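Chemist: With the sequence up front, the predicted model follows.
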Amino acid sequence: MSLTIEQMRADIAEVLQEPLGSIVDGGNLLDLGIDSIRIMALAERWSRPGARVEFDELAEYPELTHWWTIVSGRHAGTGEGEQQAREEA
């Protein structure tokens, strides 16, 4: 299972106990009550399907759009980019 922005939105809504529609792409999740414990829980949850994301990255900019940029950039970077890096080494 690969992580999608829709799944991330649903997970955020679940941990905040907020309606799905309240999690907007560029909205500051601090305004909805996200805290360090919830951010750590999300980082742990998202690491299970293989997303490489760290607490510090999420805490720095608590916005879904930013978090998706991190996750999707790394997902796109697996495979070909890593293969090229190994060949250059």
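Modeler: Everything's here; your move. The shown structure was predicted, so the numbers you read here are calculated from the model rather than taken from an experiment.

Chemist: Grab the nearest non-local neighbour of the most centrally placed residue in the chain.
Modeler: Central residue of the chain (CA atoms, centre = their mean): W67, 4.1 Å from the mean position. Closest residue to W67 apart from its sequence neighbours, by CB to CB, 6 or more residues apart in numbering: L58 at 5.9 Å. Where C-beta positions appear, they are placed from N, C-alpha and C, glycine not excepted.

Chemist: Need the phi and psi values for that neighbour.
Modeler: Backbone geometry at L58, expressed as degrees, to the nearest 10, gives phi -70, psi -40.

Chemist: residue ranges for the strands of the chain, please.
Modeler: In the chain, no segments count as strands under DSSP state E.

Chemist: Please work out how many residues are found near S2.
Modeler: Here the number of neighbours of S2 (other CB atoms under 10 Å) works out to 10.

Chemist: oh, and call the first residue 30 from now on, that's how I've got it
Modeler: OK, 30 is where the count begins now, so the last one is S31.

Chemist: so it makes contact with W75?
Modeler: No - with contacts counted by CB atoms under 8 Å, S31 stays clear of W75, the gap being 10.8 Å.

Chemist: how many other residues sit next to R77?
Modeler: Neighbours of R77 (other CB under 10 Å): 9.

Chemist: if I look at it, how far off is E35?
Modeler: Distance, R77 to E35, using CB to CB, to the nearest Å: 17 Å.
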